[in-house]
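**Q** Show me the folded form of this:
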Amino acid sequence: MKRILFLLLLVPVLSWAQSPFDGTWKVDLSKSKFPKKPDEYLLKDGMYECKTCKPEIRVKADGQMQAVSGDPYYDMRMVKVVDDKHVESAATKGGKDAAKWTMAVSDDGNTLTTNWSYYGNPSGGPVTGTDTETRVGKAPAGAHAISGSWRDAKQDVATSDAVTFTYKTSGGDTLSMTTPTGQSYTAKLDGKEVPFVGDPGTTTVSLKRIGDSVEETDYRDGKPISVSKMTVSADGKSMTIEVDDKLHGTKSTFYAIKQG
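**A** Prediction:
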């Protein structure tokens, strides 16, 4: 889920006469290059920790909702051990469902599959998907099988609306972005921050034109959390999105295909 939520922050734009960015785009996750920096989990002695989450997570793995702070997407978190290879988790915000996860480790212990659902979008209903990670660091002695370091290998999103976005230019220097899940903004390519609507993790964005590309900076409460460079191919059919995730200290590349 964390990667898909991040994609919603990366819907980039370019705005000039006959902009090649205008239209509806859909991210093709099968062609994307994911961060090399691994995720780190620890489930041991009745406690669950996500060391690479921002903010870090540390809650009792007792199946009970517990208050957490600092996360814009939820304020309560639950972790439950099902057996030695399976873990369930859920989160709420303001008493409403925010997200659910089921984590399963393969019999050989080298693959972690997480099925997730996110309920916090303003429109479009729940978003679901599956993340597959490969083990790159062993679990500590006595820890649950989900523990250790894991690197993204594959991401699938069952809800196509979560990776779809539309751009529309106006006035030669203004770009509007909308998504089926309720995110939007309207900005000029002048580097000034404007409100980002529909995502609690991003409060403002700014855009700048750099040659034939555009640089988008996303902010949370005035602090930059990601910088993305977007370039449309010569034939206008695909877009490359190079992401520098300042919040997690990772880099990745996504590809979007123009629809219609």
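
**Q** Can you give me the distance of G70 to M78?
**A** Noted for G70: a distance of 17 Å to M78, by CB to CB, to the nearest Å. Placement of C-beta: from N, CA and C, glycine included.

**Q** Tell me, how many residues neighbour the closest residue to G109 other than its chain neighbours?
**A** Nearest residue to G109, sequence neighbours excluded (CB to CB, 6 or more residues apart in numbering): A145, at 6.0 Å. By other CB atoms under 10 Å, 20 other residues sit near A145.

**Q** same deal with K100?
**A** Using other CB under 10 Å, K100 is surrounded by 19 other residues.

**Q** That one bridge partners, please.
**A** A90, S117 (DSSP bridges).

**Q** my read: it touches S117, true?
**A** Yes: checked against CB atoms under 8 Å, the pair K100 and S117 is within contact range at 4.8 Å.

**Q** ranges for the strands of the stretch 1-150 of the chain?
**A** Secondary structure of the stretch 1-150 of the chain by DSSP state E, counting those that start in this stretch: the strands cover 23-27, 39-44, 47-50, 57-60, 66-67, 76-81, 86-93, 96-105, 111-118, 127-137, 148-157.

**Q** distance of S30 from F196?
**A** S30 is 27 Å from F196, where distance means CB to CB.

**Q** Looking at those two, which is more packed in?
**A** Using other CB under 10 Å as the criterion, S30 and F196 rank with F196 on top: 23 against 9.

**Q** Report the separation between the more buried one and P224.
**A** Distance of F196 to P224, given as CB to CB: 13 Å.

**Q** shared neighbours of the two, anything?
**A** Common neighbours of F196 and P224, counting by CB atoms under 8 Å, 6 or more residues apart in numbering, are D218.

**Q** Once you drop chain neighbours, what's closest to K33?
**A** Per CB to CB, 6+ apart, closest to K33 is T253, 4.3 Å.

**Q** Can you tell me which helices and strands whatever helix or strand the one you found lives in packs against?
**A** According to DSSP states H and E, T253 maps onto strand 250-258. Applying 3 or more CB pairs under 8 Å, 6 or more residues apart in numbering; DSSP states H and E, we find strand 250-258 packed against strand 23-27, strand 238-245.

**Q** Convert the C-alpha atoms of that strand to PDB, please.
**A** Output in PDB follows, covering the C-alpha atoms of strand 250-258 (Å, rounded to 0.1, in the frame of the first residue of the first chain):
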ATOM      1  CA  THR A 250      15.000   6.000  -1.900                       C
ATOM      2  CA  LYS A 251      14.900   6.400  -5.700                       C
ATOM      3  CA  SER A 252      12.600   4.700  -8.200                       C
ATOM      4  CA  THR A 253      11.300   5.000 -11.800                       C
ATOM      5  CA  PHE A 254       7.700   4.600 -12.900                       C
ATOM      6  CA  TYR A 255       6.200   4.500 -16.400                       C
ATOM      7  CA  ALA A 256       2.800   5.700 -17.400                       C
ATOM      8  CA  ILE A 257       0.900   4.900 -20.600                       C
ATOM      9  CA  LYS A 258      -1.400   7.500 -22.300                       C
END
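
**Q** Report the angle between that strand and strand 148-157.
**A** Interaxial angle of strand 250-258 relative to strand 148-157 (axes from the mean of the first three to the mean of the last three CA atoms, to 10 degrees): 10 degrees.

**Q** Quick check: buried residues in strand 250-258?
**A** T250, S252, F254, Y255, A256, K258 (16 or more other CB atoms under 10 Å).

**Q** Check stretch 72-92 too.
**A** Neighbour-count burial for stretch 72-92 flags 72-79, 81, 85, 87-92 (criterion: 16+ other CB under 10 Å).
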